[in-house]
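J.: Sequence and predicted structure are below.
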Amino acid sequence: MKKRTLALMLSAALCVGLLAGCGGTADTTQSPAAGSNSPAAEQSQTPAGTELSGTVNTDGSTSMADVMAAFQESFGDIQPDVTVNYSGTGSGSGITNVLAGTVDIGLSSRALTDEEKAEGAVENIVALDGVAIVVNPENTITDLTVEQIAQIYNGTITNWSELGGADAPIAVIGRDAASGTRGAFEEIVGVEDQCVYTNEYESTGEVIGSVAGNPNAIGYASLSAVDDSVTALKVNGVAPSEATVADGSYEIQRPFVMVTVEGSQLAPAAQAFLDWAMSADAADEVTAAGCVSPNA
């Protein structure tokens, strides 16, 4: 009986030891990101080489579509068991949804407002992007000042002949009210709540398509989305490019922001994606998408 009792006690002690050892592998505590330029660094960071799994849901700016596509592909190579979903619904929607907790990361193609920050939104800048002023290739105008652009959009200048172009009414094309591109453009140019739009669209692609199909149209769009179907104008003599955005000489530019919530801990997969997107490791993807990396 004594031998059996002793054997049972030894077996129980061994099981406790094994359980304690297994419990140690469940620790997902992460260390702060070194050198990060945002409050996201105050959250935890997955150690290098850690294999993760799960889904990261992002939502917001349509202008960030190319950047997100590059991020999804490259991060998928690093963490093949993590799925990053992207939904382009507009910056305003992305900010609202992340604050409501319905997505992991919101996406904004403009800086956050003081009101949004007061609600707990945290600004994590992953790229810089120029907002190109685009016209139809048939248009002879090649250069406008910021003041002239403002006067077009607030309705002061209504005909291209007033700028040395054809005698034709200007079709003023812009984005819908939820657009981060619109918010950034109107703030930079100084026409907030003053614009007189001929048409408003929900996506960057629709703006470019509208301008491409109308010889008298003018619009604005993310530099990374501009193609040969439209002409990007110089602004104050400076053409929009990655180089002129980086050195600040092109005036109409804005940040691409991943929005998180102050005091809310991201799941390991989402935190790892954010940390990577903000690091120098993602700089090539930002450049490939036609934007400027803040870590370049």
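T.: Yes, it's here.

J.: Correct me if wrong: Leu107 contacts Val56.
T.: No. If you go by Cβ atoms under 8 Å, Leu107 and Val56 don't touch, sitting 11.8 Å apart. All C-beta spots, glycine's among them, are computed from the backbone N, C-alpha and C.

J.: Neighbour count for these two, which is higher?
T.: Between Leu107 and Val56, counting by other Cβ atoms under 10 Å, Leu107 is the more crowded of the two (32 against 24).

J.: If that one is in a bridge, with which residues?
T.: Gly60, Met258 (DSSP bridges).

J.: and it, what does it touch?
T.: Counting by Cβ atoms under 8 Å, 6 or more residues apart in numbering, Leu107 makes contact with 58-61, 64, 68, 86, 91, 94, 256-259.

J.: now do Asp227
T.: Neighbouring residues of Asp227 by Cβ under 8 Å, 6+ apart: Ile208.

J.: mind checking pLDDT for it?
T.: Note on Asp227: pLDDT of 95.

J.: Look up how far Gln72 lies from it.
T.: From Asp227 across to Gln72, the span is 21 Å (Cβ to Cβ, to the nearest Å).

J.: repeat for Asp104
T.: Per Cβ to Cβ, Asp104 is found 14 Å from Gln72.

J.: who has more neighbours, those two?
T.: Higher neighbour count among Asp104 and Gln72: Asp104, with 26 against 18, using other Cβ under 10 Å.

J.: looking at it, the more buried one is touching Leu266, isn't it?
T.: Yes. Look at Asp104 against Leu266 with Cβ under 8 Å: they come within range, at 6.3 Å.

J.: got the CA coordinates for stretch 132-149 in CSV?
T.: In CSV, the C-alpha atoms belonging to stretch 132-149 read as follows (Å, rounded to 0.1, in the frame of the first residue of the first chain):
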residue,chain,number,x,y,z
ALA,A,132,-2.5,65.1,-58.1
ILE,A,133,-4.6,67.7,-59.9
VAL,A,134,-5.7,66.0,-63.1
VAL,A,135,-7.2,67.1,-66.4
ASN,A,136,-8.1,65.5,-69.7
PRO,A,137,-5.1,65.1,-72.0
GLU,A,138,-6.7,67.4,-74.6
ASN,A,139,-6.5,70.3,-72.1
THR,A,140,-3.7,72.7,-73.0
ILE,A,141,-3.3,73.9,-69.4
THR,A,142,-0.1,72.5,-67.8
ASP,A,143,0.4,74.5,-64.6
LEU,A,144,-1.8,76.1,-62.0
THR,A,145,-1.2,77.9,-58.7
VAL,A,146,-2.8,76.8,-55.5
GLU,A,147,-4.9,80.0,-55.6
GLN,A,148,-6.1,79.2,-59.1
ILE,A,149,-7.1,75.7,-58.1
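
J.: Identify all contacting residues around that stretch.
T.: Under Cβ under 8 Å, 6+ apart, the answer for stretch 132-149 is 152, 157, 160, 163-166, 188-190, 207-208, 211-223, 226, 229-237, 240, 251-252.

J.: If any of these are buried, put those into a PyMOL selection.
T.: Restricted to buried positions by 16 or more other Cβ atoms under 10 Å, the PyMOL selection for those reads:
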select buried, resi 152+157+160+163+165+188+189+207+208+211+212+214+216+217+218+219+220+221+222+223+226+230+231+232+233+234+235+240+251+252
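
J.: Narrow the contacts of stretch 132-149 to those in strands?
T.: 217-222, 231-232, 234-235 (DSSP state E).

J.: JSON lines please, covering these and showing distance to Ala289 and pLDDT.
T.: Putting the ones in strands among the contacts of stretch 132-149 into JSON lines (distance: Cβ to Cβ, whole Å; pLDDT from 0 to 100) gives the following:
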{"residue": "Ala217", "distance to Ala289": "25", "pLDDT": "98"}
{"residue": "Ile218", "distance to Ala289": "25", "pLDDT": "98"}
{"residue": "Gly219", "distance to Ala289": "20", "pLDDT": "98"}
{"residue": "Tyr220", "distance to Ala289": "18", "pLDDT": "97"}
{"residue": "Ala221", "distance to Ala289": "14", "pLDDT": "95"}
{"residue": "Ser222", "distance to Ala289": "10", "pLDDT": "91"}
{"residue": "Thr231", "distance to Ala289": "21", "pLDDT": "98"}
{"residue": "Ala232", "distance to Ala289": "16", "pLDDT": "98"}
{"residue": "Lys234", "distance to Ala289": "23", "pLDDT": "98"}
{"residue": "Val235", "distance to Ala289": "21", "pLDDT": "98"}
